[in-house]
Each structure stands twice: as structure tokens, then as C-alpha cells.
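In: sharing a model that was predicted from the sequence below.
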Amino acid sequence: MRRTKRCPILLALAVAALAAPDALAGVQRTFVGSYGQDTWDCSLMAPCRTFGAAAAQTLDGGEIIVTDAGEYGAVTLTQSISIVGPGDVHAGVAVAGGAGITINAPGKVVRLEGLSLEGRGGDVGVRVEAASLVLIQRCSIAGFSDAGIRSSAGAPNIFVHDTTIRDNGVGIVVEGAAKLVVERGRVEKNTVAGMRVGADAATTIASSSFAFNGGHGLVIQPATGTARAAVVGTLFAENAGDGIHATAAASTTVKLSLSTSELRRNSNGLAVDAGAGATIGIDVEDSAFSDQPNAGISASNAGGTVKLTLSGNTVVRNGTGVVNSGALVESRGNNTFNYNGTNGSPLALFPGM
């Protein structure tokens, strides 16, 4: 009699264990779908409805796959994880308030690919609080009141590739000791600025465009320490402010390398401003500055140290070619100035070999 009663009970428990998702268990790959339920096990045949539910069932180092078009909700990520939307699927995150994706994963690697983040009252698209590496690929981030991407982490590495960031307050904000690479990015129509680089950040921008932003295209402005930036093969066009605006206050340093880029129809192409006790060093090579109503290049020094080195650049059709107020602007003698309202201040010949 005992065996007869016990077997049905054990069988029922086994069936229940197989049918119900185990909150303590996890798998390497989970799925979300527009038809899913967060009470399901996030498998391909029984996907979850939101990224938050799927992340809770995904092991460290795993991935979440989007199966079909839909909006999948804001999420905070604390483990190494990938969220992947196939190229032909709208993998959306519509944000009514706060951040769309918050990354608070010290020492972890997070990859976001093929996602569309839209601010509908939200303030930040992707907020990086802590991570070892964040990769943002093939994404669209639009409509956030503060920033499309904001990094406040101590020292993460962030790689943004083939991503459009538009109609935000600022497209990208990098603070602290973050290291950021933007490749094939489109940063456009942001109301305050395209991108802002703060203290001790190191930024590389390649093969990208910064256009139609309401303020400057790229702002380099450390509150403390040294901000470093390298820009290659990038377009800065039709920004209401300067194409690139670098400014430093006392005890801060800006280092910028600009090459093979085009700065066209901004307020100024490149504008540099150093306060007392500040240091700015900029190398500009093989770039074109054209059709700025003010200056192609403007350098101002109010008691700091400002040095610009120009080599192989074309400066044409600007209000003034170079405006120099107290800075050292050196030319290698191979720059072209033509059709400016005035070419501007004479340049010192660079004493190179």
C-alpha cells in the first residue's frame, strides 16, 4: 500500500519539476519573443517576454536571442552576457523613464547587438556603471533626454561599432577613466552635443560622422586630469556649434590627434580654448576645413599652454582660415590656404627635420 501511494506522488513531482522553470537554474542561451511569457523557461519553444526575465535565467557568459519583432523592456545587466537581435528583426527597448539598459557588471563583458532603443520619456539609452568591456554593435539609440550612451564607470573599455545615435540630449557622454572606441558611428541631430569626453577618458573615433547636432559635434573638456582623443577619417558637418571643441581649465590637459578628417559648415571647424594653468596639445594632419562662417581653426590661450601642429591640411572658404590668440600654431609648410575671407594669423614654421 505504501508503494502504491508513493509512486503517483513521486511521478507528479517529477513532471512538475520538468514543466516549471527553475528560478535557481540557468542556461547559456535564452530566448525572448513577442508571444512569450515571463513565467516560461525562456527556451526557443517557450520564450520569455522581456529581457529582464531572460537575463535572470541566463548564466554568466551566456546570451539572449530575440526571435521576432517586439518591444522587450528595460533591463539591468550584472553578469557577462550578450543580447542579440537578428538583422531583420526589430529588437526594441522602449523606455518611459530612467535608463533603457543599465550595465552594472564589474569585471564582466557585455555585448549588445542589433537592438533599437527608443526614449519615450527615458533619460539614458545605455548607462555603463561598471564593466570590463562593453560592445555596442549595429544598434540604434534615439530620443533620450540626457544621453544615448553614458559611461560613468571607473575604467571600462567601450566599443561602439556601426551604430546610430540621434535625437538625444548628448549622443555619447564619457566620464572617468573610460576608454572608448567609436567606429562607423553616426552621431546626429542630438540637441546639446554629439559627444562629450570628460576627465581622464581616452577616446578613439574612426570612419564616423557627427552631423546636424544642436551644439558642438565633439566636446573635449576634462574637469580634472587628462582627456585624450584620436580622430581619424571622420566627418564633422552642419553642427550648430564647432565641429570639434576642446577646452581645458587650470591643472587639466587635453591631447588630441586629428587626421584624414573633414570639418565642414560648422560654426568653427576646430576650436581650442585654454584657461590659466591648462595645457592643450593638438596635432592636425591631412584634414580639410571648409565653409565655416567663423574660422577653420581657432586657438585661444588665456594663461595656459596651447600648441597646435598643422601638416598637410586644406583650409578653404572659411570666414578666417586660422584665428590665433596667444597660442603656438606651427605649420610644416605644406598646408593649403585658399578662398578664405582672410587666411588669418601667420603661422610659425615647424622646426622639424
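Out: That came through, no problem.

In: low-confidence ranges in this protein?
Out: Along the chain, segments meeting pLDDT under 70 span 1-25, 153-155, 346, 350-353.

In: domain assignment for this structure?
Out: 21-191, 193-353 (automatic domain parsing).

In: got those domains as a markdown table, with mean neighbour count columns?
Out: All C-beta spots, glycine's among them, are computed from the backbone N, C-alpha and C. Output for the domains of the chain, formatted as a markdown table (neighbours: other Cβ atoms under 10 Å):
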| stretch | mean neighbour count |
| --- | --- |
| domain 21-191 | 20 |
| domain 193-353 | 21 |
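
In: for A96, what are its contacts?
Out: If a contact means Cβ atoms under 8 Å, 6 or more residues apart in numbering, then A96 has R120, G121, G122 as its contacts.

In: for the second one, which non-adjacent residue is closest in space?
Out: Read that as G121. Here the nearest residue to G121 in space, its sequence neighbours aside, is A96; by Cβ to Cβ, 6 or more residues apart in numbering that works out to 4.6 Å.

In: show me where the stretch 51-200 of the chain has its helices.
Out: Counting by DSSP state H, counting those that start in this stretch, the stretch 51-200 of the chain has helices at residues 51-56.

In: relative to T279, how far out is T67?
Out: Relative to T279, T67 is positioned 53 Å away (criterion: Cβ to Cβ, to the nearest Å).

In: over to L258?
Out: Applying Cβ to Cβ, one obtains 17 Å for the distance of L258 from T279.

In: beta partners of the residue nearest the centre of the chain?
Out: For the chain, the residue nearest the mean C-alpha position is I172 (4.3 Å; Cα atoms, centre = their mean). In this entry, I172 is beta-bridged to I149, M195, by DSSP bridges.

In: identify the residues contacting L256.
Out: Listed by Cβ under 8 Å, 6+ apart, the contact set of L256 reads I220, R228, A229, A230, V231, I244, A246, I280, G281, I282, D283.

In: touching, V95 and L115? I think so.
Out: No - the pair formed by V95 and L115 falls short of the contact definition of Cβ atoms under 8 Å, at 11.8 Å.

In: quick one, what contacts E238?
Out: Neighbouring residues of E238 by Cβ under 8 Å, 6+ apart: A211, F212, R264, R265, N266.

In: which of the residues you listed lies closest to L308?
Out: For those, the residue nearest L308 by Cβ to Cβ is N266; the value is 17.2 Å.

In: quickly note the distance from that closest one to I297.
Out: When distances are taken as Cβ to Cβ, N266 and I297 turn out to be 11 Å apart.

In: ok, V93 next?
Out: Using Cβ to Cβ, one gets 40 Å for the distance from V93 to I297.

In: just R317 next, same as before
Out: Separation of R317 from I297 (Cβ to Cβ): 14 Å.

In: among the contacts of L256, which are in strands?
Out: The strands, defined by DSSP state E, take in I220, R228, A229, A230, V231, I244, A246, I280, G281, I282, D283 from these.

In: isn't S345 right next to G326, touching?
Out: No - with contacts defined as Cβ under 8 Å, S345 does not count as touching G326, sitting 10.4 Å away.

In: intersection of neighbour lists for these two?
Out: Listed as contacting both S345 and G326 by Cβ under 8 Å, 6+ apart is no residue at all.

In: which outside residues touch the longest strand along the chain?
Out: The longest strand of the chain (DSSP E) is strand 58-66. The list of residues contacting strand 58-66 from outside it, by Cβ under 8 Å, 6+ apart, reads 26-33, 42, 51, 54-55, 72, 79-86, 89, 91, 108, 111, 114.

In: in contact with T320, which residues?
Out: T320 is in contact with N294, A295, G296, S298, N340, G341, T342, N343, G344, counting by Cβ under 8 Å, 6+ apart.
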